[in-house]
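Asker: sequence isn't available, so here's the structure alone:
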Ligand SMILES: Cc1cc2nc3c(=O)[nH]c(=O)nc-3n(C[C@H](O)[C@H](O)[C@H](O)COP(=O)(O)OP(=O)(O)OC[C@H]3O[C@@H](n4cnc5c(N)ncnc54)[C@H](O)[C@@H]3O)c2cc1C
């Protein structure tokens, strides 16, 4: 059997979702030698919007305009919530640094500093979020001003209906029109990836613009599904605007979405240039501790291929979909270190009777309890390991889907975990 390669590093980041990506970025920016491992494909299931905090308490469904006021409220009423472990200035620094980084990676985002933005979704609802890809920002302004807009969808594109958006919003946005077109040069069944790829060609943009121009009439802006290129969105949007004659904005599509794919590409391509050793599409199979307390990881796609020896690690392995957590008939378990999971006393209490109950389910708040240094705790409240930190959705108390805090919480807790590691090392 071939001997496996051994990599030595200061910090191992386990996970390539938002939390793992952010942790690797923050560590690399502090010149920490970092190895990152995980399946990065998870990110394409995200919408590409960066939520910070939109709803609290879940039971009352209270929606917040100002995410910072919402964070203050969560920290007060739920002192074990991960946001309560972070000074507001750190959360802001984390978001600012991450968004600045995305801009340098060719994926600019926009946000209001002190309020959430409203984004029109593909089903016509209004989603409240913190940071929005620049290509979607004019849609935030268009909704805010209710200015005359044309939304275009395409024959054969599933999950995106301009007519549905128009019909859901017509009372609140009467100046919205909808039209369906044939997409130039592609077969009848359309996929956003292929459309985005096609729109990177000037010829396709010219054909689309020629079809849209006669329909503009009094519209001041044009909304398209998020298909304006995979790699060069800013220039695709700019060129379409020039050819069509009015500002163009993108509307998120259902996952897996091009806006998630853009995030994945930007992060995957940029982190190695910052010095991160990336082992994507591989998993940690086993962990051991050596005599000096260092962590030894067996990493591989199917079997052990690489050994990583690290002074410390950040666990950002997600929940059930990410496979950081698993559940059997009796309890919820953490999959790698078998860490203690804060969870309801019995399986009977995991879920409420109705799946769509607005109050949410206790299982979604199960996860790792952490100390002020982001270290997972044992049942008796001590750090499980001195040199193991945790970040992201694996942490307890955050039902990210209902609280609308997914990516923002992942980024902020990654910042907190890296900062704690730097302080303790
Ligand atoms: C459909 C969908 C829509 C979303 N929409 C939004 C949205 O609109 N706004 C928003 O802010 N957020 C959204 N999110 C949430 C967000 O993208 C993140 O999923 C969330 O923040 C959790 O990120 P995470 O990094 O903690 O976990 P995950 O994204 O689950 O990542 C976990 C990572 O850990 C890795 N891993 C697990 N076990 C191991 C192991 N043994 N070895 C190595 N690696 C391992 C996995 O491979 C994966 O890379 C959405 C998510 C989904 C799924």
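Answerer: Cool, the structure landed. Predicted, not measured: the structure shown is a model, and the values here were computed from it. Residues are numbered from 1 along each chain as shown.

Asker: okay, CA-based contacts and neighbour counts for the rest of this
Answerer: OK.

Asker: how about the residues of the stretch 1-150 of the chain by the ligand?
Answerer: Taking Cα under 6 Å from any ligand atom as the contact definition, the stretch 1-150 of the chain meets the ligand at 14-20, 37-40, 42-43, 45-47, 49-51.

Asker: can you tell me how far residue 146 is from residue 412?
Answerer: Separation of residue 146 from residue 412 (Cα to Cα, to the nearest Å): 33 Å.

Asker: which one of the two is surrounded by more residues?
Answerer: Neighbour comparison, residue 146 and residue 412: the larger count goes to residue 412, with 27 against 15 (by other Cα atoms under 10 Å).

Asker: give the buried residues for the helix or strand of the chain with the lowest mean pLDDT.
Answerer: Least confident helix or strand, the chain: helix 400-403 with a mean of 92, by mean pLDDT, DSSP states H and E. Buried residues in helix 400-403, defined by neighbour count with 16 or more other Cα atoms under 10 Å: 400, 402, 403.

Asker: thinking again about what came up before, only the buried subset of the residues of the stretch 1-150 of the chain next to the ligand, as a ChimeraX command please.
Answerer: Of these, the buried ones can be selected in ChimeraX as follows, counting by 16+ other Cα under 10 Å:
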select :14,15,16,17,18,19,20,37,38,39,40,42,43,46,47,49,50,51
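
Asker: can you list the weak-confidence ranges in this structure?
Answerer: Scanning the chain for pLDDT under 70 picks out the ranges 1-3.

Asker: now residue 411: how far from the ligand?
Answerer: 8 Å (Cα to the nearest ligand atom, to the nearest Å).

Asker: helix/strand/coil for that residue?
Answerer: In three-state terms, and counting by DSSP: H, G, I helix; E, B strand; the rest coil, residue 411 is helix.

Asker: same question for residue 420.
Answerer: Classification of residue 420 by three-state DSSP places it in helix.

Asker: what's residue 19 in contact with, if anything?
Answerer: Neighbouring residues of residue 19 by Cα atoms under 8 Å, 6 or more residues apart in numbering: 316, 391, 392, 393, 407, 410, 411, 413, 414.

Asker: pick out the most distant pair among these.
Answerer: Maximum pairwise distance in the contacts of residue 19, criterion Cα to Cα, is 12.4 Å, between 316 and 407.

Asker: beta partners of the nearest residue to residue 288 once chain neighbours are set aside?
Answerer: Spatial nearest neighbour of residue 288, excluding adjacent residues (Cα to Cα, 6 or more residues apart in numbering): residue 296 at 5.1 Å. Under DSSP bridges, the beta-bridge partners of residue 296 are residue 288, residue 309.

Asker: how many neighbours does residue 296 have?
Answerer: Counted by other Cα under 10 Å, the residues lying close to residue 296 total 22.

Asker: for residue 355, same thing?
Answerer: Residue 355 has 10 nearby residues by other Cα under 10 Å.
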